[in-house]
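Chemist: with the sequence up front, the predicted model follows.
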Amino acid sequence: MSRFLPADHSKGDERTIGGYAAVHARPAAFEGPDGFSYSVEILADRTDDPTNPIGAFLLFVQWKRMGEQGVQGHLETEFLTFGATPAEAKAALGAMPVEEVQRHLDALCAARE
């Protein structure tokens with residue numbers, strides 16, 4: 001069951017993707033140019049580069065438009081930021097403005113078509 005949680009602006013800057021998640025206690029949601037709804041998460045994984053051992057990327061979960069609620073697919077960016085630890089790489093990506101995240105989603109949707 002969903003419930004309303006008021007925004008807590010003391011937790012960050014909601015104009016960044018990491019700040020939005022902290023302030024609203026949930027992932028940000030976007031509408032793709034394909035008409036689907038997406039939510040986004042910041043993830044990190046190991047790279048093959050010893051100078052940048054951890055990379056962070058955006059994972060967009062695509063939600064079904066019709067029928068039973070659920071996931072229909074996903075899109076993900078390449079590594080966008082790097083760090084020595086997952087927390088460091090994710091924090092760097094979390095500083096990305098929300099508008100730039102939308103541009104990444106738009107580009108991923110265009111590339112898929």
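Modeler: It's in.
Chemist: per-residue pLDDT, the nearest residue to Thr16 once chain neighbours are set aside?
Modeler: Closest residue to Thr16 apart from its sequence neighbours, by Cβ to Cβ, 6 or more residues apart in numbering: Ala95 at 5.3 Å. The C-beta positions use only the backbone N, C-alpha and C, and glycine is treated the same way. Per-residue pLDDT puts Ala95 at 97.
Chemist: distance check, Ala95 against Asp13.
Modeler: 9 Å (Cβ to Cβ, to the nearest Å).
Chemist: re the thing from before, tally up the residues packed near the residue nearest to Thr16, please.
Modeler: 13 (other Cβ atoms under 10 Å).
Chemist: does it touch Tyr20 like I think?
Modeler: No: with contact defined as Cβ atoms under 8 Å, Ala95 does not reach Tyr20; the gap is 11.4 Å.
Chemist: could you pull out the helices in the chain for me?
Modeler: 17-24, 86-94, 98-112 (DSSP state H).
Chemist: could the ones you listed go into TSV alongside mean neighbour count and distance to Asp45?
Modeler: As requested, the helices of the chain are exported to TSV (neighbours: other Cβ atoms under 10 Å; distance: least, Cβ to Cβ, whole Å):
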stretch	mean neighbour count	distance to Asp45
helix 17-24	20	17
helix 86-94	19	8
helix 98-112	15	17
